[in-house]
Structures are given as structure tokens and as C-alpha cells.
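Participant: Predicted model and sequence follow; I will ask about them next.
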Amino acid sequence: MIWLIGSVVFWLAAWALNVRLAASGFGKTRAGQITVAALFGITLLVLWEGLVRGFAVPTVILPGPSVIGPKIVSSLPILWADFVQTVIRGALSGFAIGTVAAFVTAIAIDRSPFLQKGLLPVGNFVSALPIVGLAPVLVMWFGFDWQSKAAVVVVMVFFPLLVNMVAGLQASDRLQRDLMETYSATYTQRLLKLRLPAAMPFIFNGLKIAATLALIGAIVAEFFGSPVTGMGFRISTEVGKLALDMVWATIAVAALAGSALYGLIALIESRVTFWHPSQRK
Amino acid sequence: MGKIAPVLTVLCAIFTLWYLAAVWMNATWVYDQAARSGTTVTLAEVIPQTMAQDRPLLPPPHQVAQVLWDGVTGQAVTSKRSLVYHGYVTLRGTMMGFVLGIVLGVALAMAIVRFRVMEVSVMPWAIISQTIPIVALAPMILTVSNQIGIDNREVPKAIIAAYLSFFPVLVSMIKGLRSPDQMQLDLLSTYGASEPQTFFKLRLPASLPYFFASLKVAVAAALVGTIIGELPTGAVEGLGARMLIGSQFGEPLIMWAALFAAAILAGGLILIVGWIERLARARMGVPA
């Protein structure tokens, strides 16, 4: 009971503090915003722990953060091996191949308006389809190891990236293109000096979407068969063993990996597209 | 003409490539069979044999179409082998998740637009929630809801679908509810409008185009969420479960049929939502 009351009191106190912080001048600064967001996150953890202890929820249903935390620390080697297998071998290699493939295709069809008109609707449609469904097929083709995971990721990220890149290459406006014309710039010069830089906001938009898709693809593909490492494999086997602390530890690693990948892309974006209105402070 | 010809060309190219790939990939099996029985086959004999295998590596389009047609019309709609039945199970989960996602997204957007503290504290976590691969959470959501005593398999699926579909609605609704400009807000304040009045007469109508634009993304996300929710659990119903069964029992045709049924379902949902969007825009006098 004391846990329940304690966590609810903590929640109310933190919320009141957050309301004051958000309204104050400090809440307008970057540090203030991070503080408020972090406080909210901590509150969620405390509330989780309090509810688990207060209602005496058994760990086979929902372990609290105080159980999961030590589990992460004690099984670091396993988690690291899973991370390497799923994220670095599966997701990142597939992400890289898919990005290059989409980029090359976008440049290749760039000169043909006919192909663009044909590929854009098809690409738009395909990127709305549940492509994860291809996972079992690709696992059948490429075997159980990371190659099949990378293949799933390639297929999943290709179309959103292609659509964004083609749209991005058309983003420069008439006046700018006319200026290049008066400079008598060649096709390559126009591409490198005007159209690719102008396409960057779109490309990064696509990359951000693709980053989350890549992890989903790599993990889903492991449900259809994998070697004895990998996050998807770990999750599905540990759920079967009711070792939920390990499952949550893997989820935590997956969440961290997903956020880190997204954050990295956002960071590169703010360096590359510093000129774009959405990046100005 | 202007739009259809390029799309048709691309589709034709895809089908041609698909047939070529089917011949190329399935030929290995034909050659193996021939080598085993000690006969040789010419290319002209190989090609027909690659078109109708029981367990092809890549079934050619007409074979997929046939299995799909058989799955839809070949059995009673209630049969466990009917794709209509499994499609319906998936559709039900999708719709529940879609509605749940819309409600959650709109409610959160309203709170975020109204209270600054919500924006600063919840919004970063909403973004982070989308970078977490939901598939990692899916089996957990299923076990937890099972243990709590929700036997209904729909609920966890709907939660996963809602988790994926609430975000596009949230982002668009925040944009939409903030879209009225200062002049319009000032006008309402000169009328002495109360806060609910401002909300219902200005902010809400102004946000509707944004809302409908987000629905297409949300419905596609909800379908993906439902299928993912059906995958890791040994679920017996739904298109995701069919894919898993096809994969585990080495029946590629089941897998392909389920995959295309899911694609058709997605296409249909997007068309319907797009149609509703157009209807709503026309009703509100937005030029099409």
C-alpha cells in the first residue's frame, strides 16, 4: 500500500513541479525542456515500480524497473551479442544497402519524367503495404542468418526512401533552375550544386522513417527463423520461458538502439540542412 | 492517358521481371529433379515446369492469383482455409486499433495544444515511443493481457495497431489545431468567445483537413500493427498467422496468398479512407 501511495504522491509532486517549470522562464530554454521531459520519464518509471509493488504483480506478468535494471547489467554479454547480430549485421547493413539502392534508382529515373510518373504512384502505394509480410519469403530465400534480415530491411526501406528522394530532386524551384541555366551548368553540376542539396530535407525525412522501419524489419524477420542470437530470437524464446525480465531488458536495448539511430540521423540532418527553415533557431 | 500509361508500363515491367525471376529461381529445382531421375531437360521443357510447382521458391503471378482466388471463393467464408475469414479477423483488429489510435491521437493533441506542460513533457516521449521497434513489445503486450485475463486475442492486436497509428494522427492534429492564425483568434476574442467556443467554432473545423490527411497513413500503420501482432504468438487466425503457418510448414503458396490478401486489404482501406477524405473536403467546401 505504501508503494502505491508513495508513487502516486511522487507522480503528483513531479507533475506540479513540471507545470511550474513549463510555465517559468526556465521551461523556455533547451535545458529546461530536457529537464521537464526527463522528469516525466522518471515519473513513469516510479509509477510503474509503485504499481507493480503495490499490487504485488508477479514478475511473470510484469517485472518492475528495479528487476529489469540489474538484469540488463548482469546479462550485458548476451545483450551485446544480440545487438550486434540484429542491429549491426541485420538492420544497419540492410539500411545501408537500401539507401544506396534507392539513391541510385532515384538518380537513374531522374532524367526520365515518364519513369517517374510511373514509379511514383507505384512506390507510394507499395510503401503503404504491409511489406513485413515478405519476411517469411525472404527468410526462405536467404537462410536464417543475418543476410535474410538485411534483405527484409532493404525491401522495407527502399520504397519510402525512393519516394522521398524523387520528390526531393524536384524540390528546387523554377527560379533556381533558371539561374543554373544562365550559368550554362551541366547536368552533373546542377545535380551536385543545386538539386541534391535542395533534396536533403526530403532525403532525411525518408531516412528517419526508414530508421525505425529497419529495426522493425530486422526483428520481425527473426520470428521466422534465426540463429541462436538476435533480439527477435531472444524475445520470442524468453517469452516462452516466462523469463520476462530478460524480455524487458531486450526491449530496453531495442528502444535505446532505435532512439539512438533516430537521434544520430536527426543530428546529421541538423548539420547538413542547417539552412532549412525547420532547422533555424 | 497522361497518368495511366507510365504506371501501366512500370507494372508491365514488374510482371515481366517477376516471370523471369520465377523461371530463373524455380529452374534449379527442375534441373535437380531431372538430374536425379537421370534425364536431361531442354529450356523449352523447363519453363512450363517452373510455372506450376507445389513449393516454388517464387510462384509466378498467375499461380499467386489462382491461390488467392481459390482462397477467396474456393471455400465457405467461415472455413479456416478461407482468406475472407482470415482477412476479416485482421480487418477487425485493424479497425479497433485504428479507432483507438484516432481517439488517443486526437485526445493527446487536444491536451498538448491546450497545456504547455503536456507539450514539453509528453511530446518528446511520444516521438521516442515511435523509435522503439514495436515488434519487440508485441509479444509482451500479448502475454501481459493474457495473464491479466483478457482471453480475447483482438485486444492486444488492437493495442499494437493503435500504438502505430496514433502518432500520425497526433502530429497532424497538433498542426491542425494550431493552424488558425492570430487574426482569427483575435476576432473570436473580440466576440468574447469562451475557450470551448473557440475550440469548437475555430480550432476544430480548421484542423479537419489535417486530420483527414493523417488518416491514410494511420490506417496503413494500423494494418501493419495488426499483422505484426498476429506474428509472434502462435495466433491461429488472421493474415499474419497464415504467413507464419505458411513459413513454418514450408508452404510458400499459403504465404504468398496471405501476403497479397494483406496488400489488397491495405489498398482497399487506403482507397476507402481517401474517398471519405474527398467527401469530407467537398462537404466543407475545400476545392478538390
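Facilitator: Noted; the coordinates are in hand.
Participant: Flag every residue of the stretch 101-250 of chain B that's near chain A.
Facilitator: By CB under 8 Å from any CB of the partner chain, the part of the stretch 101-250 of chain B that sits against chain A consists of B:116-117, B:119-125, B:128, B:130-137, B:139-140, B:143-144, B:147-148, B:216-217, B:220, B:223-224, B:227-228, B:231-232, B:239-240, B:243-244, B:246-247. (Each C-beta comes from the backbone N, C-alpha and C, glycine too.)
Participant: if you set the cut-off to 7 Å instead, what comes out?
Facilitator: Counting by CB under 7 Å from any CB of the partner chain, the stretch 101-250 of chain B comes close to chain A at B:116-117, B:120-122, B:124-125, B:128, B:130-137, B:139-140, B:143-144, B:147, B:220, B:223-224, B:227-228, B:231-232, B:243, B:246-247.
Participant: Helices of chain A, start to end?
Facilitator: A:2-23, A:30-54, A:65-74, A:76-83, A:93-110, A:113-128, A:135-142, A:146-169, A:174-182, A:187-190, A:196-223, A:231-240, A:244-272 (DSSP state H).
Participant: any chance of the ones you listed in JSON lines, plus distance to chain B and mean pLDDT?
Facilitator: Conversion of the helices of chain A to JSON lines gives the following (distance: least, CB to the nearest CB, whole Å; pLDDT from 0 to 100):
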{"stretch": "helix A:2-23", "distance to chain B": "4", "mean pLDDT": "82"}
{"stretch": "helix A:30-54", "distance to chain B": "4", "mean pLDDT": "83"}
{"stretch": "helix A:65-74", "distance to chain B": "12", "mean pLDDT": "87"}
{"stretch": "helix A:76-83", "distance to chain B": "11", "mean pLDDT": "89"}
{"stretch": "helix A:93-110", "distance to chain B": "10", "mean pLDDT": "91"}
{"stretch": "helix A:113-128", "distance to chain B": "3", "mean pLDDT": "80"}
{"stretch": "helix A:135-142", "distance to chain B": "4", "mean pLDDT": "84"}
{"stretch": "helix A:146-169", "distance to chain B": "10", "mean pLDDT": "88"}
{"stretch": "helix A:174-182", "distance to chain B": "21", "mean pLDDT": "91"}
{"stretch": "helix A:187-190", "distance to chain B": "22", "mean pLDDT": "90"}
{"stretch": "helix A:196-223", "distance to chain B": "4", "mean pLDDT": "86"}
{"stretch": "helix A:231-240", "distance to chain B": "5", "mean pLDDT": "83"}
{"stretch": "helix A:244-272", "distance to chain B": "4", "mean pLDDT": "87"}
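Participant: can you put those helices in CSV and add mean neighbour count?
Facilitator: Compiled in CSV, those are given as follows (neighbours: other CB atoms under 10 Å in any protein chain shown):
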stretch, mean neighbour count
helix A:2-23, 15
helix A:30-54, 17
helix A:65-74, 15
helix A:76-83, 16
helix A:93-110, 19
helix A:113-128, 18
helix A:135-142, 23
helix A:146-169, 25
helix A:174-182, 11
helix A:187-190, 12
helix A:196-223, 24
helix A:231-240, 22
helix A:244-272, 19
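Participant: and the ones you listed as TSV, adding distance to residue B:181?
Facilitator: Listed next are the helices of chain A as TSV, based on distance: least, CB to CB, whole Å:
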stretch	distance to residue B:181
helix A:2-23	24
helix A:30-54	25
helix A:65-74	44
helix A:76-83	48
helix A:93-110	36
helix A:113-128	31
helix A:135-142	46
helix A:146-169	27
helix A:174-182	27
helix A:187-190	37
helix A:196-223	24
helix A:231-240	47
helix A:244-272	28
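Participant: Any idea which of these gets closest to residue B:69?
Facilitator: Proximity to residue B:69 (CB to CB) singles out helix A:135-142 among the helices of chain A, at 19.8 Å.
Participant: Grab the nearest non-local neighbour of the spatially most central residue of chain A.
Facilitator: Closest to where the C-alpha atoms of chain A average out (CA atoms, centre = their mean) is residue A:212, at 2.6 Å. In space, residue A:212 comes closest to residue B:131 once its chain neighbours are excluded; the distance is 5.5 Å by CB to CB, 6 or more residues apart in numbering or on different chains.
Participant: Right, I'll call it a day here.
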